[in-house]
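Visitor: here is a sequence with its predicted model. Questions after.
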Amino acid sequence: MKHRIAISTLMVGVLFLACTPKNPEEEKIENLLSQMTIEEKIGQMNQLDPSWDAEPKEQLIKEGKVGSIFNVVGAKEINRLQRMAVEESRLGIPLLVARDVIHGYETIYPIPLGQGATWNTALVERAAQLTAQEATSFGIHWAFSPMVDVAHDPRWGRVAEGYGEDSYLTSRMGAAVVRGYQSEGMAACVKHFAGYSVSEGGRDYNTTWIPEVQLRDIYLPPFKAALDAGAMSIMCSFNDMNGLPSSANHHLNVDLLRTEWHSDALLVSDWGSGSDLVPHGLAANKKDAALRCINARMEMDMQGNIYTDYLKELLDEGKIKESQIDECVRSILRMKFRLGLFENPYVDEENPKKYTPEEIAIVDQAVEESAILLKNDGVLPLTLDKKQQTILVCGPMADQKKEQLGTWVFDGKPEYSVTPLMAFNELAQSGNFKVLYEPGLSFSRDKNSKGINKAVTQAKKADVILYFCGEEAILSGEARCRANLNLPGAQCEMMDALVATGKPVVMIVMAGRPLTIGAQAEKAAAVLYAFHGGTRAGVGLANLITGKAVPSGKTPITFPKMVGQVPLYYNRHNTGRPSYAPPMLIDSIPIGCPQFSIGQSSYWLETPTEPLYPFGFGLSYTTFEYGEPQISQTELADSIIVSCEITNTGSKDAFEVAQLYTHQLYGDLVRPICELKGFQKIFIPAGEKKEVQFTLHKSDLGYWHEQKHNCESRVWFATDPVDFELWVSPDSRRLTKPIAFKVK
């Protein structure tokens, strides 16, 4: 009887499975895949830039040998190529049209590092939505963004593309961008997978060495957060990590991405990163590179031609299986179906969306919230309505329409830019002040100091000097790494000359990275760090300088005093001999001093360990007072509630970014001196008080552990049941009295 019941149960199960409808999307994929030749399958894995060489790509598209194109400009041209794929190829599979949409399409927002400085995920998500609306109206389906590489080294040029040095902040920002893009039908591509930002010497494409637990604790969480937010694709990085380039890294691409994370996101190479295996010294030749990449399931080859040239040959030789190719093609087709390209492959050529009123309003807000007030001796905001004033606008970045757009801008139109000079001239038409202009230097690297004397002459006529300095856009971004982080050209000399006039100098820095501006900041009456603000940088900065808006930006990355401190980041380990007391610096050491008389601690002889400006730092035109945090219980079994009252003790209504930090006092591994675990950007009217609340979960305090035995390594995620402390504070250094609690 029992045997009969078992058989009946089995039959019911079989019938249930037979009657269960399959995923319609997957059915379509399998149906299409079954009709494809091997050449058409390999063609889907091929991504090309039609503008890169003279060879026409039209015939390849008609033959179904191209799955994606990128860097095609204009809806009309995109539609032309798309019609070839849809109407003239055998199976009519539409093209994925991609573009480096990094911080705007034609309407350009602040660079991502500046967006990180807003600490406003809702604003960043809305900016991404509007960017996607604009880009998709031109026919772009796929943005090579967001970049979520956690960066500790400002020498690295691509620090401009990310959201700073903290894994938690980057995770929140990256997920916001993914949601924004994909809510408007443009696929996000989270990059660069993985460890790219840890390049030796801050030099792009360079080697990285990252222990597994550090990789998982710091560099992987933003990727996981972006994928959890629904990111449809992910991009391999250029670097080798621990000797293995990412395009051929089975551990990253299969063990982690596919098996552990269960992600079906499309994995695309970076430009030629598959063929780069040859100069890396991993692959003997491009055919070997193709074999290694397909075995590591790199699914689409960007402008490398290794799949189109060698996959069929490798298949015929029995070195790979067609099932490997099929798995890659499924990912590509899946993304095309999810984007609705089979139903709507074309775009309306007559109605592109750009420079809409809402976009302009959000751009202005993004500029205002991304700028960080680092110093203010009371000169800001300018009180232009009280008496007639004369303002000198000067510096090499004061009227640079193109340069203020920042790095990775292919479609932004400089002619639409509003520079600081333009914004102040506009204000002067209706305001009670006069604007003088003399750039002093014609561009940021200009070493010809003849113009500085002209600026000084004008400065003597002014009541206040607005000195717009920094870097041209070309000095940051991919392959734009710097060994010297000082202001380039003769800008330091110009700052000294302006200060020597005795007039107050407001220093506004427009750059793609933190610069070592300590000497100049010390002499300035105020310092506003604006990064590259995009299309309407001038409007947002003028609003801040004149008090129409109140600064609320906070540093998303530590600012070093000198380049020798790099890498310098807030969540460091304490070491066994931390530098507590002020150290004896190099010029204070007595001649003939015995070796050990100056003590033994972790510091540099030329500078203390403190940064110029710490992570999370930013001033306002008002002041805030933090109360003592309260916790719902002192023992954390699952979660606790952390609350803190913050009072606006000044005279301006303003936003404040309240930051929650924790510290694990001891445990299985050494832990950072503090870690960001939450933040809230809240509006507090002058004289009023508001309470912030955070929910801190036990898992928020976990980290990756590692155990080695008999040459085998095992890693796992866990929270140590030990003593912790926490703070709610305005930045990572102004920590109030810690509140103790224990994890059970």
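Guide: Cool, the structure landed. Numbering: from 1, shown residues only.
Visitor: show me where the stretch 301-450 of the chain dips below the pLDDT cut-off.
Guide: 386 (pLDDT under 70).
Visitor: if we go to 90?
Guide: By pLDDT under 90, the weakly predicted segments of the stretch 301-450 of the chain are 350-356, 383-388, 429-433.
Visitor: now the helices for it?
Guide: Using DSSP state H, counting those that start in this stretch, the helices of the stretch 301-450 of the chain run over 306-316, 322-338, 357-370, 420-428, 450-459.
Visitor: now the ones you listed in JSON lines, with mean neighbour count?
Guide: Using the backbone N, CA and C atoms, a C-beta is placed for each residue, glycine as well. Shown next, in JSON lines, are the helices of the stretch 301-450 of the chain (neighbours: other Cβ atoms under 10 Å):
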{"stretch": "helix 306-316", "mean neighbour count": "20"}
{"stretch": "helix 322-338", "mean neighbour count": "19"}
{"stretch": "helix 357-370", "mean neighbour count": "21"}
{"stretch": "helix 420-428", "mean neighbour count": "20"}
{"stretch": "helix 450-459", "mean neighbour count": "18"}
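Visitor: which residues sit in contact with the spatially most central residue of the chain?
Guide: The chain has Gly162 as the residue nearest its centroid, 1.8 Å off, counting by Cα atoms, centre = their mean. By Cβ atoms under 8 Å, 6 or more residues apart in numbering, the contact set of Gly162 is 112-113, 116, 147-151, 170, 197.
Visitor: just to revisit the earlier point, for Glu77, find the nearest of the helices of the stretch 301-450 of the chain.
Guide: Glu77 lies closest, by Cβ to Cβ, to one member of these: helix 322-338, at 19.6 Å.
Visitor: which strands or helices does the closest one pack on?
Guide: If you count contacts as 3 or more Cβ pairs under 8 Å, 6 or more residues apart in numbering; DSSP states H and E, helix 322-338 packs onto helix 24-35, helix 38-44, strand 96-99, strand 266-268, helix 286-295, helix 306-316.
Visitor: where are the low-confidence patches of the stretch 451-600 of the chain?
Guide: Counting by pLDDT under 90, the stretch 451-600 of the chain contains low-confidence residues at 577-600.
Visitor: how close does Tyr437 get to Leu314?
Guide: Tyr437 sits 63 Å away from Leu314, going by Cβ to Cβ, to the nearest Å.
Visitor: hang on, the earlier thing: any idea which of the helices and strands packed on helix 322-338 is most buried?
Guide: Burial of those is given as mean neighbour count (mean count of other Cβ atoms under 10 Å); strand 266-268 ranks first at a mean of 28.
Visitor: contacts for that one next, please.
Guide: Counting by Cβ under 8 Å, 6+ apart, 47, 189, 193, 232-236, 253, 257, 297-302, 331-332, 334-335 sit against strand 266-268.
Visitor: try 6 Å
Guide: The contact list for strand 266-268 (Cβ atoms under 6 Å, 6 or more residues apart in numbering) reads 233-235, 253, 298-300, 302, 331, 335.
Visitor: redo the residues you listed as a markdown table? Include distance to Glu88.
Guide: Formatted as a markdown table, those follow (distance: Cβ to Cβ, whole Å):
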| residue | distance to Glu88 |
| --- | --- |
| Ser233 | 26 |
| Ile234 | 31 |
| Met235 | 30 |
| Asn253 | 34 |
| Met298 | 29 |
| Glu299 | 25 |
| Met300 | 22 |
| Met302 | 24 |
| Ser331 | 25 |
| Met335 | 22 |
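Visitor: list only buried entries from those.
Guide: The neighbour count (16 or more other Cβ atoms under 10 Å) marks 233-235, 253, 298-300, 302, 331, 335 as buried among the contacts of strand 266-268.
Visitor: inside strands: which ones of those?
Guide: 233-235, 302 (DSSP state E).
Visitor: nearest to Ala511 among the residues you listed?
Guide: For those, the minimum distance to Ala511 (Cβ to Cβ) is 25.7 Å, reached by Met235.
Visitor: nearest residue to that closest one other than its sequence neighbours?
Guide: Residue nearest to Met235 in three dimensions, not counting chain neighbours: Lys191, with 3.7 Å by Cβ to Cβ, 6 or more residues apart in numbering.
Visitor: how much space between the one you found and Val148?
Guide: Per Cβ to Cβ, Lys191 is found 7 Å from Val148.
Visitor: and these two? Which one has more around it.
Guide: Legend: neighbour count by other Cβ atoms under 10 Å for Lys191 and Val148, higher for Val148 (33 against 27).
Visitor: please give me every residue in contact with the more buried one.
Guide: 170, 174, 190, 222, 226.
Visitor: same thing but at 8 Å, please
Guide: Neighbouring residues of Val148 by Cβ under 8 Å, 6+ apart: 162-163, 170-171, 173-174, 190-191, 222-223, 225-226.
Visitor: can you add distance to Val715 and give the helices of the stretch 301-450 of the chain back as TSV?
Guide: Below are those laid out as TSV (distance: least, Cβ to Cβ, whole Å):
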stretch	distance to Val715
helix 306-316	32
helix 322-338	26
helix 357-370	37
helix 420-428	50
helix 450-459	57
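Visitor: still on that earlier bit, relative to Gly202, which of the ones in strands among the buried ones among the contacts of strand 266-268 is nearest.
Guide: Out of those, the member with the shortest distance to Gly202 (by Cβ to Cβ) is Met235, at 20.8 Å.
Visitor: the closest one touches Ala188, doesn't it?
Guide: No - taking contacts as Cβ atoms under 8 Å, Met235 lies outside contact range of Ala188: 10.4 Å.
Visitor: of all the helices and strands packed on helix 322-338, which one is nearest Tyr355?
Guide: strand 96-99 (18.0 Å).
Visitor: sheet-wise, list the partners of the closest one with their directions.
Guide: Take DSSP bridges as the rule and strand 96-99 pairs in its sheet with strand 68-70 (parallel), strand 142-143 (parallel).
Visitor: which one, of the ones you listed, ends up nearest to Gln182?
Guide: Once those are compared by Cβ to Cβ, strand 142-143 is nearest, at 9.6 Å.
Visitor: thought Arg292 was touching Ala248?
Guide: Yes - contact criterion Cβ under 8 Å: Arg292 and Ala248 qualify, at 4.0 Å.
Visitor: how is this structure partitioned into domains?
Guide: Following automatic domain parsing, one gets these domains for the chain: 370-545, 580-609, 624-743.
Visitor: ranking those by burial, who's on top?
Guide: Highest mean neighbour count among the domains of the chain (mean count of other Cβ under 10 Å): domain 370-545, with a mean of 21.
Visitor: can you give me how far it is from the chain middle?
Guide: 24 Å (Cα atoms, centre = their mean, to the nearest Å).
Visitor: okay, how far is it across it, tip to tip?
Guide: With Cα to Cα, to the nearest Å as the measure, domain 370-545 spans 14 Å from end to end.
Visitor: just stretch 573-593 next, same as before
Guide: Note: stretch 573-593 ends 30 Å apart using Cα to Cα.
Visitor: what sits up against it?
Guide: By Cβ under 8 Å, 6+ apart, stretch 573-593 touches 598-603, 605-609, 670-673.
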